[in-house]
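K.L.:
No letters, just coordinates:
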């Protein structure tokens, strides 16, 4: 077009010259590219020939090193002599002979190999990130590739009568089984250099710059609605993947959700996770999930629970994203239940059929009138659009049966309404605490320790918690925010 | 999630096994077979589901490809594998039970090595009574081995068993129009026997191939009519692999019988490291122990002393 419409400023001769030069360069490039491709092709052929030669050479005696060729020989011969005998006997066995010579495409399953764990000396420690109840996390660099990773160290107590802690083993097995963009990726397991006695086990995981908790603590303004939607969607997607694969996380909370500088959220810390079946196992430990994120059925001592415990935690996280404060900060189990009932209302046989039969519910004295059984979620978050409030309300349903599944969350109306979820790439970035030389101390209560006794609530009187509730001011406050 | 595939042994690992130190392959196979049988027996006594015991079999087989077989007592390795698999699964084992079961199985009173055909043994509870100190020693060994296994396998204990797949395949094949129980039973028998095979079929083939081969064998045994087309290809197994596995699975029985005849000790009790050491000496593989050389020297010196004394007396 530029050549047709004559521009006032154009100097035709020069333009033509430039054009010619450009064309020439282009042709030169094309030629080089073709040449390169040709060379590559030739190289590839040579390599293939070499490989073929190698495999034929390998046949008489299986040669040790698996070179860079993609797949090992289909059938592995155990030994030369046995290999030959099998082929002999094989021809004499009566396998129904197929008539056609045509070959069919068969699926090949690659399950990888097994080998000894590498040493932690392959990594260069950069700085500590966090010290939790189950181990330390530090930032480190892979010496050979230069890649920055997170190293999570599992403490091994030589006096431990049970050997390597089963929680750590479960975490490893669960993480190894997971492959999803919203779940932290476990690269490998390394151990201390002197392998005569294992002292520590290190989980090598991808490094993410932030955890949601420290972002929430430091950010001057809360997340925008569009950002909250993106975060929640990612959390729900990861949780849906876990639940589809029969895994309960059992410790979802903001400090276990990692975020990178590209706006990607990943679920981490599977120290409490386990595989479950359907129907769920009969005797699951009640002592799971950090107190502030623990669901009412767990607090009431149910021995059988399901994916709804994770859904409750998602509800708590949703509330925390909105206010930057943990939603329900109980001081102990009883206080936690009080806080839950204050927000979600006192359960009744209608709102939660059968809750009275739970072990810890028998001794509860609950006030029974209509003002106390309604949920106050809507009033607590006046700026939240009604679809959002409906979602939060369903996540925080007292009856676990009434909570939506992670998959249903993904399809919720809230995420379809404006403002639309923000694209991950457009997420703001934050200064990374983990990336700098700063140590972080946890302020949320720790996840419950295995083997502790679950608290028996005994006889608790909840009739006082709503005293004076009628006198409180009602109505939504004002808040104006651009989204 | 990967419920259908297993990590397999590399050609390198299999080759290594043949060249490990000086341990002849026949001895390795004997150790492998008897340890796998022991694991199975312990699984039954501990009332573990076969899915757990079978996984322990596979884990033990993998472990011995990464670690010298002679590095630990064979029965301990078997116990540790079972303990570890049960621990991460839904049915953990109490160390005390494990200790009792293994001590019984290894004792002379155990009926494990004495099938019903032989005259009944005299029950001798003292033979398998566990003192507190022997229990503690056992637990220490198991915990040390647990770490060793985890390290050798890089903490990957995932084992996909072919058993459920085989049943699914049978359903798809409409149980080849024979009695469901009959053919299913035979298929599972083949799969369980394959766990004991020193050819380590579970480490060289994926579960789908094992399942297909077991179905093929069971159908042949029972005389069920298989589809006339190359039905194994539908299940992603090629003819060559199927043939190899069919022969491999069928050969275990004959091989084990012959082994029991060749190594009579195997029929009496569990092979130990000491047995292997003796066998090696017999074969002349290991050097004659220094102690014996020393003994001979001492004997000579003693004789000379005696002679001297005699001579002196004579004077």
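P.N.:
In hand now; what should we look at? In this text, all values refer to a predicted model and were calculated from it rather than measured experimentally.
K.L.:
Write out the residues of the stretch 1-150 of chain B neighbouring chain A.
P.N.:
By the rule C-beta under 8 Å from any C-beta of the partner chain, the part of the stretch 1-150 of chain B lying against chain A is B:1-2, B:4-16, B:18, B:25, B:62, B:65-66, B:87-88, B:90, B:92, B:95, B:139, B:142-144, B:146-147, B:150. Where you see a C-beta, it was placed from the backbone N, CA and C, and this is true even at glycine.
K.L.:
Can I have the buried ones of those residues as a ChimeraX selection?
P.N.:
With 16 or more other C-beta atoms under 10 Å in any protein chain shown as the criterion, this ChimeraX line picks the buried residues out of these:
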select /B:5,6,7,8,9,10,11,12,13,14,15,62,65,66,87,88,95,139,142,143,144,146,147,150
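K.L.:
which SS class is residue A:346?
P.N.:
Three-state call for residue A:346 (DSSP: H, G, I helix; E, B strand; the rest coil): coil.
K.L.:
Against residue A:311, how distant is it?
P.N.:
Distance from residue A:346 to residue A:311, counting by C-beta to C-beta, to the nearest Å: 21 Å.
K.L.:
Make sure I have this right: residue A:145 is in a helix.
P.N.:
No. Using three-state DSSP, the assignment for residue A:145 is coil, not a helix.
K.L.:
and it, backbone torsions?
P.N.:
Torsion angles at residue A:145 (phi, psi; degrees, to the nearest 10) stand at phi -110, psi -20.
K.L.:
repeat for residue A:148
P.N.:
Residue A:148 adopts backbone torsions of phi -90, psi 130, taken as degrees, to the nearest 10.
K.L.:
Please name the residues that touch it.
P.N.:
Listed by C-beta atoms under 8 Å, 6 or more residues apart in numbering or on different chains, the contact partners of residue A:148 are A:126, A:139-142, A:207.
K.L.:
Show me which of those residues are buried.
P.N.:
By neighbour count, with 16+ other C-beta under 10 Å, the contacts of residue A:148 hold A:126, A:139-140, A:207 as buried.
K.L.:
Among the residues you listed, name the ones in strands.
P.N.:
A:126, A:139-140 (DSSP state E).
K.L.:
sec struct for the closest residue to chain A within the stretch 1-150 of chain B, please.
P.N.:
The minimum distance from the stretch 1-150 of chain B to chain A, using C-beta to the nearest C-beta, falls at residue B:5 (3.4 Å). Following three-state DSSP, residue B:5 is assigned to coil.
K.L.:
what about residue A:143, neighbour count?
P.N.:
11 (other C-beta atoms under 10 Å in any protein chain shown).
K.L.:
Okay, it and chain B: tell me how far apart.
P.N.:
Applying C-beta to the nearest C-beta, to the nearest Å, the value for residue A:143 to chain B is 19 Å.
K.L.:
What about the residues of the stretch 1-150 of chain B next to chain A, which are in helices?
P.N.:
With helices taken from DSSP state H, the overlap with the residues of the stretch 1-150 of chain B next to chain A comprises B:11-16, B:18, B:25, B:62, B:65-66, B:87-88, B:95, B:139, B:142-144, B:146-147, B:150.
K.L.:
Switch the buried ones among the contacts of residue A:148 over to TSV; also include pLDDT and distance to chain B.
P.N.:
TSV is the format used below for those (pLDDT from 0 to 100; distance: C-beta to the nearest C-beta, whole Å):
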residue	pLDDT	distance to chain B
A:126	89	24
A:139	91	22
A:140	93	18
A:207	92	20
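K.L.:
Out of the residues you listed, which comes closest to residue B:110?
P.N.:
Closest approach to residue B:110 among those (C-beta to C-beta): residue A:140, at 50.4 Å.
K.L.:
right, and the closest one touches residue A:146 too?
P.N.:
No. Judged on C-beta atoms under 8 Å, residue A:140 makes no contact with residue A:146 at a distance of 11.3 Å.
K.L.:
which regions of the stretch 101-250 of chain B sit below the pLDDT cut-off?
P.N.:
B:114-122 (pLDDT under 70).
K.L.:
show me what contacts residue A:327?
P.N.:
Residue A:327 makes contact with A:292, A:315-316, A:319-320, A:343 under the criterion C-beta under 8 Å, 6+ apart.
K.L.:
among those, which ones are buried?
P.N.:
Looks like those have A:292, A:315-316, A:319-320, A:343 buried, using 16+ other C-beta under 10 Å.
K.L.:
can you tell me which of those are in helices?
P.N.:
Short answer: the buried ones among the contacts of residue A:327 in helices (DSSP H) are A:315-316, A:319-320, A:343.
K.L.:
Quick one: residues contacting the residue most central in space within chain B.
P.N.:
The residue lying closest to the centre of chain B (C-alpha atoms, centre = their mean) is residue B:36, at 2.3 Å. Contact partners of residue B:36, counting by C-beta under 8 Å, 6+ apart, are B:57, B:60-61, B:78, B:195-196.
K.L.:
swap the cut-off to 10 Å and go again
P.N.:
Applying C-beta atoms under 10 Å, 6 or more residues apart in numbering or on different chains, we find residue B:36 in contact with B:53, B:56-58, B:60-61, B:78, B:81, B:195-198, B:200.
K.L.:
element containing it, please.
P.N.:
For residue B:36, the element it lies in under DSSP states H and E is helix B:25-45.
K.L.:
Mind listing what's buried along that helix?
P.N.:
Residues of helix B:25-45 classed as buried under the neighbour-count rule (16+ other C-beta under 10 Å) are B:27-43, B:45.
K.L.:
picking that back up, so the residue of the stretch 1-150 of chain B closest to chain A makes contact with residue B:162?
P.N.:
No. The criterion here is C-beta atoms under 10 Å, and residue B:5 misses it with residue B:162 at 11.1 Å.
K.L.:
returning to what we had before: tell me the angle the helix holding residue B:36 makes with helix B:11-19.
P.N.:
Relative orientation of helix B:25-45 versus helix B:11-19 (axes from the mean of the first three to the mean of the last three C-alpha atoms, to 10 degrees): 110 degrees.
K.L.:
what stretches of the stretch 101-250 of chain A score poorly on pLDDT?
P.N.:
Using pLDDT under 70, the flagged stretches of the stretch 101-250 of chain A are A:101-103, A:131-135.
K.L.:
Map the structural domains onto the sequence of the chain.
P.N.:
Just going to use chain A. A:126-206, A:210-469 (automatic domain parsing).
K.L.:
I was thinking of chain B, sorry if that wasn't clear
P.N.:
B:14-159, B:160-269, B:285-314.
K.L.:
Export those domains as a markdown table, with columns for distance to residue A:261.
P.N.:
What follows is those, written out as a markdown table (distance: least, C-beta to C-beta, whole Å):
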| stretch | distance to residue A:261 |
| --- | --- |
| domain B:14-159 | 30 |
| domain B:160-269 | 37 |
| domain B:285-314 | 61 |
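K.L.:
so what's in contact with residue A:140 and residue A:146 at the same time?
P.N.:
Common neighbours of residue A:140 and residue A:146 (criterion: C-beta under 10 Å, 6+ apart): residue A:124.
K.L.:
I'd guessed residue A:107 sits against residue B:209; true?
P.N.:
No. Here residue A:107 does not reach residue B:209: they are 11.2 Å apart, not a contact under C-beta under 10 Å.
K.L.:
out of those two, which sits in the busier spot?
P.N.:
Of the pair residue A:107 and residue B:209, residue B:209 is the one with more neighbours under other C-beta under 10 Å, namely 24 against 10.
K.L.:
residues contacting the residue nearest to residue A:173 when sequence neighbours are not counted?
P.N.:
Nearest residue to residue A:173, sequence neighbours excluded (C-beta to C-beta, 6 or more residues apart in numbering or on different chains): residue B:88, at 5.9 Å. Neighbour list for residue B:88: A:164, A:166, A:169-170, A:172-173, A:274-275, B:52, B:55, B:157-158 [criterion: C-beta under 10 Å, 6+ apart].
K.L.:
quick one on the thing from earlier: shared neighbours, residue B:5 and residue B:162?
P.N.:
Residues touching both residue B:5 and residue B:162 (C-beta under 10 Å, 6+ apart) are B:206-208.
K.L.:
Nearest to residue B:135 among the residues you listed?
P.N.:
residue B:207 (37.1 Å).
K.L.:
which residues sit in contact with the closest one?
P.N.:
Residue B:207 makes contact with A:109, A:111, B:3-6, B:159-166, B:191, according to C-beta under 10 Å, 6+ apart.
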